[in-house]
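Chemist: Provide a 3D model corresponding to the input given below.
(2 chains)
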2 protein chains.
Amino acid sequence: MSKNLTTRAEDYSKWYNELVVRADLAENSGVRGCMVIKPYGYAIWEKMQAELDRMFKETGHSNAYFPLFVPKSMFEAEEKNAEGFAKECAIVTHYRLKNDPDKPGKLMVDPNAKLEEELIVRPTSEAIIWSTYKGWIQSYRDLPLLINQWANVVRWEMRTRLFLRTAEFLWQEGHTAHATRKEAIEESEKMMNVYADFAQNFMAIPVIKGLKTETERFAGAEETYCIEALMQDGKALQAGTSHFLGQNFAKAFDVKFANAEGKQEHVWGTSWGVSTRLMGALVMTHSDDNGLVLPPNLAPIQVVIVPIFKTDEEFEKISALANDLISQFKKLNISVKFDNRTTQKPGFKFAEWELKGVPVRIAIGPKDLENETFEIARRDTLTKEVKPKEGIVKYISDLLAQIQSDLFSKALQYRDTHITEVSDFEEFKKVLENKGGFISAHWDGTPETEEKIKELTKATIRCIALNRKEEIGNCMFTGKQSVGRVLFAKAY
Amino acid sequence: MSKNLTTRAEDYSKWYNELVVRADLAENSGVRGCMVIKPYGYAIWEKMQAELDRMFKETGHSNAYFPLFVPKSMFEAEEKNAEGFAKECAIVTHYRLKNDPDKPGKLMVDPNAKLEEELIVRPTSEAIIWSTYKGWIQSYRDLPLLINQWANVVRWEMRTRLFLRTAEFLWQEGHTAHATRKEAIEESEKMMNVYADFAQNFMAIPVIKGLKTETERFAGAEETYCIEALMQDGKALQAGTSHFLGQNFAKAFDVKFANAEGKQEHVWGTSWGVSTRLMGALVMTHSDDNGLVLPPNLAPIQVVIVPIFKTDEEFEKISALANDLISQFKKLNISVKFDNRTTQKPGFKFAEWELKGVPVRIAIGPKDLENETFEIARRDTLTKEVKPKEGIVKYISDLLAQIQSDLFSKALQYRDTHITEVSDFEEFKKVLENKGGFISAHWDGTPETEEKIKELTKATIRCIALNRKEEIGNCMFTGKQSVGRVLFAKAY
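Modeler: Next comes the predicted model:
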């Protein structure tokens, strides 16, 4: 903990990059655009996975696994989807290396081992999965088919940032097939709601549920539902998407079913995903200039106990107290770490666990031994208080719930005070420049206007909120009629 | 369940291929050599993962994630390892597709998007991980470093079989770094023991712990520990390996640490892995001509309840009983499925769950309603008995434990009666041909003899058992001196 973090006020982007590395979440690897997710970061991702996986299973989904590679001809089948991803695909062309005759000890691609058909490293799996579904679906009895996959995907991004935009990332992708349009739309909406619940209850991130405009829609979807979050710097972050695919992939891969009357129909589809990008959202929603702030529901370590002692005798007494606490916390499924390292001083430990965002710290020193007390520190508010030993476990358990709820409230308040209604483009630019956040404005509904606004301001339409009020108005840019406000923002 | 499986006696290999597909474990995909792991198969893999992950964490390991791609220059750094995998690598050479000017609607690899340096799709991750460890390890205080990764890897196998040998497979790979040779060897042995415990206690597969010969050793390791299992057809299957890497990767990637005296030393390493190959071992150890037989500890569904009824009233009464059972089973963490489909008859359901290897079936019919009984069927023995309702949950719970233990005993008995000691090569060939299994024989210790025996018989040295008795003898092939018997077998 030798050097302070860059502050958010100084340089938000630098603060983020430093924090992700110094809190041991992730780092850049020796492979362009690819990250290493470090154990502490991965432990948070595992907690996210566990909760999401539980929610998917509770809503009737099963996990499966499909190939990493997609043959080019299969990839091409759904044209819009192929076009949408073609420019950022990693492509396998050969299957063997050989010794380089010119460079002893070095290898070269064996030109005799060229694949007949190139393989695309999956940027998303609709193509390979729908080509498989063709074999799985014959009758309405086979529907709905509710599958999820946890996997790595690759999109050859040119400008990458840890978690937010990496060439390889981890995600889950749900792919479902249904007998009717209505059912598929319901599924898309259901999974958007699952994502929103997860974001709010576990990540403590308030999100706006909405629809993407045509421009921002997933390539190959008829409709894209999304949840949009707001970061502390006033930029938006798309935290999850759920697509209603219509019959596009069913038609591209000829997936039909016999309905109850025996008539052949094309299947209706959805797909939905969230990724390690959520890690970036988590960091940028709650953390501060001292480091990470983790919501208790996702913190790998919820409570850290730091002993303060001079003598071996003190250390032994504190250890006995700590071990007693640990066994009580374990019964309540509260994860606790006793930092009994003798190589580091308490001040160093305080700073380290602060940097790593552990929600609650318990310090136990000689005074506490005497008075039967503990010093309790909250990471989110940086406040400390001395509490009696009696009833401490219940107190901490309640405190964790309180912190979880306070983090959400704080983020919600920030978000709600950063949705600004504007009526003309000058005001729009001013708010975007000075305040940031979501800007609620009328738009004429055309991709052309959307594109021009983006060119001029870098702001995009984040979503058409599902709960927007009915309000006829005039497009802030063209003055043409608008059927309702949409939410603009600069975005990650 | 329209058609019976090929029997094992008819064609073991065909039986296996059919069973894996028909029991909904996996199927071949549209991508050469790559499989789709279907939901039922994946559910078994998830149970394996959960247990292994728990065991890894209990032994102090943390999960992390490293890139899918390895730049060629990094891949080359440890020469033996690179050479060992060079001939089966998928290689990414380009990062973009473009529209094919000659074929409207089709895409082609964009020749302008050639990577400066080719990327190898990881066949194993020592190279990328040790290149990362260089940044993580400075001092003895950073050691041991105990990391595991759950990931997909690719080895371009020419002849593939579902689970046993696929171009892409799922696995975990542990990679640890230590301050001393002794500690690293202890880690390799510890993880071999973890694998053996898992195989025996969860998969109900007896395994022999041993060392690989130089020929069969992992490319880049100083010593490879393994667990070897025996399939029902008398062929061996390597179920897991744990490698002592010496300082090979530390030297290749210049990973040094300052010891307690401040002197720089190279780090000692291990790596260890098990893969979806274990699914193949599970199938081939226990299953029979009627389908899968799953050990209760890994069965996604441990108990299936099938109602037998004519009237709605009967169905309602049976459902009430079933739901009561379900809630009692849930309290004991016994996973149960009530197959209340009205589209299928009981006979169809019996055959389906038999094919899928559900350990215990409870049938409830009108007679049972009258007599307050259930019909209980064991999948492993195919026996049935009628049991009183009173005490049934405890009975089933005990029965599951009994089945788990019986499966292991049966497999152990088969294995133990299929280790044959031979003293000359004629006998060796005869046993190999007629009986199969492990053949315990003296060997002169040279790779040349090992190679000749393999050429002549296809049998390889599976391992030098750790618990082999001390016995000087003469090589069955060359007559030269041998310091102990080794285990030969034909292998998957």
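Chemist: go ahead and flag the most central residue of chain A.
Modeler: Nearest to the mean C-alpha position of chain A, counting by C-alpha atoms, centre = their mean, stands A:L278 at 1.6 Å.
Chemist: is that residue within a helix or a strand, and which one?
Modeler: helix A:277-286 (DSSP states H and E).
Chemist: mean confidence for that helix?
Modeler: On average, the pLDDT along helix A:277-286 is 98.
Chemist: give me the residues contacting that helix.
Modeler: A:16, A:19-20, A:25-26, A:41, A:44-45, A:48, A:161-165, A:169, A:199, A:203-205, A:229, A:231-233, A:237, A:239-240, A:292-295, A:298, A:357, A:380, A:407, A:411, A:492 (C-beta atoms under 8 Å, 6 or more residues apart in numbering or on different chains). Every residue, glycine included, has its C-beta placed from N, CA and C.
Chemist: buried members of those residues into ChimeraX, please.
Modeler: Filtering the contacts of helix A:277-286 down to the buried ones (16 or more other C-beta atoms under 10 Å in any protein chain shown) takes a single ChimeraX command:
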select /A:16,19,20,25,26,41,44,45,48,161,162,163,164,165,169,199,203,204,205,229,231,232,237,239,240,292,293,294,295,298,357,380,407,411,492
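Chemist: among the contacts of helix A:277-286, which are in strands?
Modeler: Judged by DSSP state E, the contacts of helix A:277-286 include A:26, A:169, A:229, A:237, A:239-240 as members of strands.
Chemist: please identify which of those is nearest to chain B.
Modeler: Set against chain B, the nearest of those by C-beta to the nearest C-beta is A:A26 (8.7 Å).
Chemist: my read: that closest one touches A:V20, true?
Modeler: Yes - if you go by C-beta atoms under 8 Å, A:A26 and A:V20 touch, sitting 5.5 Å apart.
Chemist: who's in contact with A:K317?
Modeler: Here A:K317 is in contact with A:L369 (criterion: C-beta under 8 Å, 6+ apart).
Chemist: buried set for the helix or strand where it lies?
Modeler: Assigned by DSSP H and E, A:K317 belongs to helix A:312-331. Burial within helix A:312-331, assessed by neighbour count using 16+ other C-beta under 10 Å, is assigned to A:314, A:317-319, A:321-322, A:325-326, A:328-329.
Chemist: residue ranges in chain A under the pLDDT threshold?
Modeler: A:1-2 (pLDDT under 70).
Chemist: now do the helices in it.
Modeler: Using DSSP state H, the helices of chain A run over A:12-22, A:39-58, A:72-75, A:79-86, A:126-136, A:181-201, A:248-252, A:277-286, A:312-331, A:346-355, A:366-371, A:392-416, A:425-434, A:447-457.
Chemist: most packed of those helices?
Modeler: The highest mean neighbour count among the helices of chain A, using mean count of other C-beta atoms under 10 Å in any protein chain shown, belongs to helix A:277-286: a mean of 25.
Chemist: and that helix with helix A:12-22, angle?
Modeler: 120 degrees (axes from the mean of the first three to the mean of the last three C-alpha atoms, to 10 degrees).
Chemist: helix A:277-286: how far from the chain's middle?
Modeler: Computed by C-alpha atoms, centre = their mean, to the nearest Å, the chain-centroid distance of helix A:277-286 equals 7 Å.
Chemist: check stretch A:341-360 too.
Modeler: Distance of stretch A:341-360 from the chain centroid (C-alpha atoms, centre = their mean) equals 27 Å.
Chemist: repeat that for stretch A:437-450.
Modeler: On C-alpha atoms, centre = their mean, the centre of stretch A:437-450 falls 25 Å from that of its chain.
Chemist: ditto for stretch A:135-152
Modeler: For stretch A:135-152, the distance to the chain centre is 25 Å (C-alpha atoms, centre = their mean).
Chemist: do the same with stretch A:6-22
Modeler: Distance of stretch A:6-22 from its chain centroid, counting by C-alpha atoms, centre = their mean, is 19 Å.
Chemist: ok, which residues in the stretch 301-450 of chain A are in contact with chain B?
Modeler: By C-beta under 8 Å from any C-beta of the partner chain, the residues of the stretch 301-450 of chain A that approach chain B are A:T343.
Chemist: point me to the residue of the stretch 301-450 of chain A nearest chain B.
Modeler: For the stretch 301-450 of chain A, C-beta to the nearest C-beta, closest residue to chain B: A:T343, 6.5 Å.
Chemist: how about the closest residue to A:A77 other than its chain neighbours, what does it touch?
Modeler: Using C-beta to C-beta, 6 or more residues apart in numbering or on different chains and skipping residues adjacent in sequence, the residue nearest A:A77 is A:A252, 4.4 Å away. For A:A252, the contact set (C-beta under 8 Å, 6+ apart) comprises A:77-79, A:130.
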